[in-house]
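Q: Fold the stuff below for me.
(2 chains)
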Amino acid sequence: MAVLVIAEHDHKSFKDATLNTVTAAKALSKDVEILVLGNNAKAVAEACAKIEGIKTVHHSDNKMFEHHLAENVAPVIEEIASNYTHILAPATTFGKNIMPRVAAKKDVMQISDIIEVIDEATFKRLIYAGNAIATVKSSDALKILTVRATAFKAASHTGGSAKIASLKTTHKASSKVSFVKQALSKSDRPELTSAKIIVSGGRGVQSKENFDLIEKLADKLGAAVGASRAAVDAGFIPNDSQVGQTGKIVAPNLYIAIGISGAIQHLAGMKDSKVIVAINNDEDAPIFQVADYGLVGDLFDIVPKMIETL
Amino acid sequence: MKVLIPIKRVLDYNIKARVKSDHSGIDLDNVKMSMNPFDEIAVEEAVKLKEAGKVSEIILMTVGPKKAIETLRTGLAMGADRAIHYVSDANLEPLTIAKLIQKTADKESPDFIIMGKQAIDNDCNQTGQMTAALLDWPQATFASEITLKDKSAEVTREIDGGLETIKINFPAIITTDLRLNVPRYATLPNIMKAKQKPVEEILEADFGVELSSKLKILKVEEPTERSNGIMVKSLDELMDKLKNEAQVI
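A: Now for the predicted structure:
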């Protein structure tokens, strides 16, 4: 039997995390299929069909899928679930919102946020803010998984030639929930979860105005901008920039932590970065324990000079 | 309006988890345990709504060992009215907890359930969504703002791209994110008062749900530590290292 990946997308293109999820799926079976539930999302289905090694893309267009409301999406996944051994989605707010609903309806214990596939029933996942790795084995016939994108390489988005199958659904939109509005952060910078370089600011940056400095450095480096919880709570920067246990999990080639003390909850979100740089005026800050290069000093002195030298 | 809040007793968020030497789990002997921080946010939100006259009764529930009564008392001291304690030493998984919440909801008929989006021990982020599915209720996960309406709520959710607002009709489930509120500390008089508030104990034999686990933990281990980094003395040295040694810029 095949395994199914739920594509995350904005009806125009799929999100990068879909590619990492495909890689996890390929570790389970040669027979990987993708489900695209969207509203006028034919382009997404076509792009998914080109992902290397995909056999079939199931595509259903319906207005009720426009905002990916779990109440409208989950029943469709439930309906086709019996065709699969495993169903996977990225462990993003999209996947986290929908998949447990599917799991509960199928009486399956979901395995959240996996970082490794050991065999078809055994997986590794992080617990306690990444301070421990649990190896877990599922006894369910159907496995429902969410996948930590940074733990798996992205599958190639070219080279595939899957057939696109149109999926008919008889489900109606739920009358119990409706979309009101969305305020998405607009930015020309790379997406945080797939950026090669991230410049992150914390409480030490002190104000929203000062955060410009972090953004300027990021722009010089072509980097994404991240933040600690303290910086987001203080209103320096919107919530979607938060890196950490309960925010975004990132693993760029270079992570520059500026004015971030390094609470375990923050470290949980970035300690798999390839190279970590910490700039902080407190030499005892825990961030230095995970940093490859630490520089003790005043960020307001160091960062402007750094921008100049780049 | 009546609110049900499932809460969990977990290792205090300030304490670093230590893996047991036999790799069977995390060492929880003689360490500080507290209410899961996201659940505290849920309790705070309900208490605020009660103070605003919009909520009439707040019921807490937990599933956990005898000692979890302390966590319930904390919630009662914050302002909840009564509590239900499913007493169990077993390490029950989210799906089982969801079934117990479903049973409790069937009995208590709350207008809405509010709970943490995830517990900071197993980091699963699924119990609320599972409960919503079992009850066939709508869900608003990762809430950062809640506006109660008549028999419904508008909830702003923290999503990867920013914020999203949805309207859910009651009965419904809301799971809390960090920025919904800042939980209060219980005052001493309220802590004393909480001792008099009713707590119903339910023993495993009366749970009425299957307690066996579908997910078996084979091993718990520590992640590999990052190799020791170095402290550089100047910005010049840092830039040199990044360019020539790490070759990342």
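Q: residue contacts, residue 2?
A: Using chain A here. Residue A:2 makes contacts with A:29, A:31-33, A:55-56, A:83-85, as judged by C-beta atoms under 8 Å, 6 or more residues apart in numbering or on different chains. (Each C-beta comes from the backbone N, C-alpha and C, glycine too.)
Q: wait, I meant chain B there
A: Residue B:2 neighbours (C-beta under 8 Å, 6+ apart): B:55-57, B:59, B:108-111.
Q: How confident was the prediction at residue 28?
A: Chain wasn't specified; assuming chain A. Residue-level confidence at residue A:28 comes out at 98, pLDDT.
Q: Oops, wrong one, chain B.
A: Here, the pLDDT recorded for residue B:28 equals 94.
Q: do the same with residue B:179
A: For residue B:179, the model assigns a pLDDT of 93.
Q: so who does it touch?
A: Neighbour list for residue B:179: A:232-233, A:239, B:144, B:158 [criterion: C-beta under 8 Å, 6+ apart].
Q: where along chain B do the helices fall?
A: Counting by DSSP state H, chain B has these helices, from start to end: B:37-51, B:69-78, B:94-108, B:127-135, B:188-194, B:235-240.
Q: how far out from the middle of the chain is the fifth one?
A: Distance, stretch centre to chain centre, for helix B:188-194: 23 Å (C-alpha atoms, centre = their mean, to the nearest Å).
Q: what's the model's confidence in it, averaged?
A: 97.
Q: What residues sit buried inside that helix?
A: residue B:194 (16 or more other C-beta atoms under 10 Å in any protein chain shown).
Q: Equivalent analysis for the second one, please.
A: Within helix B:69-78, the residues that qualify as buried are B:69, B:71-78, counting by 16+ other C-beta under 10 Å.
Q: what does stretch B:60-69 rub up against?
A: Defining contact as C-beta under 8 Å, 6+ apart, one finds that stretch B:60-69 is touched by B:4-9, B:33, B:43, B:71-72, B:75-76, B:80, B:82-89, B:92, B:97, B:100-101, B:104, B:199.
Q: what's the neighbour count on residue B:108?
A: When neighbours are counted by other C-beta atoms under 10 Å in any protein chain shown, residue B:108 registers 15.
Q: among the contacts of residue B:179, who's most crowded?
A: residue B:158 (25 neighbours).
Q: close enough to count as contact, that one and residue A:241?
A: No: with contact defined as C-beta atoms under 8 Å, residue B:158 and residue A:241 do not form a contacting pair (11.1 Å).
Q: related to what we said a few turns ago, could you export the contacts of residue B:179 to a markdown table, including columns for distance to residue B:138?
A: Shown next, in a markdown table, are the contacts of residue B:179 (distance: C-beta to C-beta, whole Å):
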| residue | distance to residue B:138 |
| --- | --- |
| A:232 | 27 |
| A:233 | 28 |
| A:239 | 22 |
| B:144 | 18 |
| B:158 | 18 |
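Q: So which of the residues you listed belong to strands?
A: B:144, B:158 (DSSP state E).
Q: which one among the contacts of residue B:179 gets closest to residue B:218?
A: Of all these, the one with the least separation from residue B:218 (C-beta to C-beta) is residue B:158, at 33.4 Å.
Q: Look up how far chain A lies from that closest one.
A: In this structure, residue B:158 and chain A are separated by 5 Å, where distance is defined by C-beta to the nearest C-beta, to the nearest Å.
Q: so what's that residue bridging to?
A: On the basis of DSSP bridges, residue B:158 takes part in beta bridges with residue B:163.
Q: neighbours of the closest residue to residue A:252 other than its chain neighbours, just the number please.
A: The shortest distance from residue A:252 to any residue other than its chain neighbours is 4.8 Å, reached at residue A:198 (C-beta to C-beta, 6 or more residues apart in numbering or on different chains). Summarising burial for residue A:198: neighbours were counted as other C-beta under 10 Å, giving 28.
Q: and if you look at residue A:185?
A: As a burial measure, residue A:185 scores 14 neighbours (other C-beta under 10 Å).
Q: didn't it look like it was pressed against residue A:240?
A: Yes: in this structure, residue A:185 sits in contact with residue A:240. The criterion is C-beta under 8 Å, and the distance is 5.3 Å.
Q: what do these two both touch?
A: With the criterion set as C-beta under 8 Å, 6+ apart, the overlap between the contacts of residue A:185 and residue A:240 is B:161-162.
Q: Just give me the residue right at the centre of the chain.
A: Using chain A here. With distances taken as C-alpha atoms, centre = their mean, residue A:92 lies nearest the centre of chain A, 4.3 Å away.
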